[in-house]
Structures are given as structure tokens and as C-alpha cells.
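S.K.: All I have is the shape, not the residue letters:
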């Protein structure tokens, strides 16, 4: 089965626990890819992963930082070219499957690195960035994020960026966007757009989840919706695997089975020391809040994953739960990766 994680990680999260934590909530430096991470990726069965690189928040210059992290990830892929390959077009996902490698898709989660220069889209496209999320949780110069209370939608510059992204056949991702920003971009875009990692607001009324109106519009224009394994799936911020299935099922009912997939927003390597990790996670959440990057539903005792749907067996467990739900094999294959592949073929070629 082709499994595409529309937003996830390929690093070993245990390595970060052994280093002193920075005051900067955005991790920097060399990717934490070791033999454990590679082994777990292969064991999980994942075919390709959209990783986050570039600027998300913090004191660094967004443009320079984004260029630096692309260089860093290019070097990491070159160092591990027996296991990892860069995905530039939809066919590369199939090639990754055929060759037994893990496809790595370069994606941004904040358009702040654009400054006021729409031509930077060309720079990033030429460097291999294939997914461009317009905003993170706060507002930026492109539009309002999910936590911006004004919900003002796309700016004129944001509209120009969307048009340029269409011209360069890059995916426009509306994860983390405010509702009006998402609706504006979906109406404007000449190509299908995506919401690569989200939940359904109808099931849990939190800003990071999408309304049925947003989901329907994106699907009606041929887009893709990925359901995450995140605390925002449940009102108490402590979801379980059954909640992931419920959000997938709701999205399928709203959007149709051809437009829904997964974007876990997490790694596949399990956490070895949960006691140590709790303190680590609490500090990260506090740092994110201090930097204005946090979201409703992030609390000092939440994890950025679903507690019983993690580790290298997470995809197999999800498949089993969908089978138990009564989903056909064909529908499950669509959700696990075929829908993203179809979407990629249309946008990237």
C-alpha cells in the first residue's frame, strides 16, 4: 500500500531529549536523522512524508533562515541517499515505493519568508519546495492564521502569492489558516488546494479545525484534506485513536472518499522516556505561547500526538481500525495515500 503522510516527520524525537533546550521554540540545526529514525520509517510502511522546513516563527530572518534550512535538508538527504529521496513530482512518490526509499517532500508552514517579494516563489520552487502553507497560527503579510481573531482573509499580497504558486505548480496549503483566508484562497486558486493537517470543527470546535464549509469547498474544487493525530481532535485535548477515525469518517462524509487522507503532524519513532518527554513537551508549549505561536487546545499536559496511535505501527493500527469501521480496502488505500497521489499528479504533474 502507498502511504503518504501529508505532514509529518522523519526524525528521531528521542535525540532532542538529550540536548539542552533552547529558548527558541523553533528547533534549529541538523535534522535528527539517525539509524533508529531510518529503521522506524521503513518499518512503518510509509512511502512519502511532507516535512516542515523553513521559517515558522522566532527571531531569525524568515527568508535567510528558510534558505539555510533547505541547504541543511539537502545535505541530510545526500548523506542518507540510500534511504531517502527528494520528491519533486508525483511520479517520485511511485519511484520511492518501487526503490524502497522514503520520499521526502519539502513544505513550508508559514509564508512570512516571502517578505514583500512575490518572485521569491520562483526561488523556493527552484530549490525544490513543493508545498506552501500560507500562514501559521498568527497573521502574516499573506493573511490571517487560525488564531488571528480578526479573521480578515487573504491580503492583496496573499492573492498575488497564490496566483504565483499556481503558476509554478506548487501546492497551496491552508492548514493553520483562518476560516476566511482558507475560503478566499480556495475560491481564488485556479488549481486544487489542500488542508494537509487538520481536524473537523463539527466534531471539536477549536480554531485549528476546519468548518464543513471549508472542507466542502476544498473538496469541490478537487482538493485534499489530511486528518492529523493532534490534541485538537477532542475537547479535553487528549484524543485517542477512535477520535482520529471519527474525524476521518466525518471528513469522508462531508468531502467524499476521494479527497481525504492523513497528515499526522508527527514522527514515527516512539518516545522511549515518557516522563522526560512530558517536561520537554510542556516547555515547548510554554515557549510557543510566549512566542505567539500556540493554539487553543495546547495545554501543559497535552502531547503533539495521539497517545495510542504512535510509533512505527501507527499506520497499520489505523488501517485496522478503518477496516473495523467497515471501510473497504479500496477506500482505505485512497485515504492512506492514493488520494494524495492523485492530488499531487494534478498539481505537480
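M.R.: Great, that's in hand. This structure is a prediction, so every number in the text was calculated from the model and none was measured.
S.K.: Am I right that residue 180 sits in a helix?
M.R.: Yes: Residue 180 forms part of a helix when assessed by DSSP: H, G, I helix; E, B strand; the rest coil.
S.K.: In this structure, where's the longest strand?
M.R.: Looking across the chain with DSSP state E, the single longest strand is strand 102-108.
S.K.: After that one, heading C-terminal, what element do we hit next?
M.R.: Toward the C-terminus, strand 102-108 is succeeded by helix 120-126 as the next helix or strand (DSSP states H and E).
S.K.: Run through the neighbouring helices and strands of that following helix.
M.R.: helix 62-79, helix 156-167 (3 or more Cβ pairs under 8 Å, 6 or more residues apart in numbering; DSSP states H and E). The way it works is simple: take the backbone N, C-alpha and C, and place the C-beta from them, glycine included.
S.K.: Beyond the last one, next helix or strand please.
M.R.: Meaning helix 156-167. strand 171-173.
S.K.: List the buried residues for the longest strand of the chain?
M.R.: 102, 103, 104, 105, 106, 107, 108 (16 or more other Cβ atoms under 10 Å).
S.K.: What's the end-to-end length of stretch 171-179?
M.R.: The separation between the terminal residues of stretch 171-179, taken as Cα to Cα, to the nearest Å, is 18 Å.
S.K.: for it, what is the average pLDDT?
M.R.: For stretch 171-179, mean pLDDT rounds to 98.
S.K.: just the helices and strands packed on helix 120-126: most buried one?
M.R.: helix 156-167 (a mean of 19; mean count of other Cβ atoms under 10 Å).
S.K.: List the contacts of that helix.
M.R.: 111, 114, 116, 118-119, 121-122, 132, 134, 141-143, 154, 171-172, 181, 184-185, 188-191 (Cβ atoms under 8 Å, 6 or more residues apart in numbering).
S.K.: Restricted to buried residues, select those in ChimeraX.
M.R.: Burial among the contacts of helix 156-167 is assessed by 16+ other Cβ under 10 Å; the matching ChimeraX selection reads:
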select :111,114,118,121,132,134,142,143,154,171,172,181,184,185,189,191
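S.K.: how about the strands of the stretch 201-349 of the chain, start to end?
M.R.: Ranges of strands in the stretch 201-349 of the chain, per DSSP state E, counting those that start in this stretch, are 224-227, 260-262.
S.K.: Single out the most deeply packed of these.
M.R.: Greatest burial across these, using mean count of other Cβ under 10 Å, falls to strand 224-227, with a mean of 30.
S.K.: Partner strands of that one, with direction?
M.R.: In the sheet, strand 224-227 lines up against strand 194-198 (parallel), strand 260-262 (parallel) (DSSP bridges).
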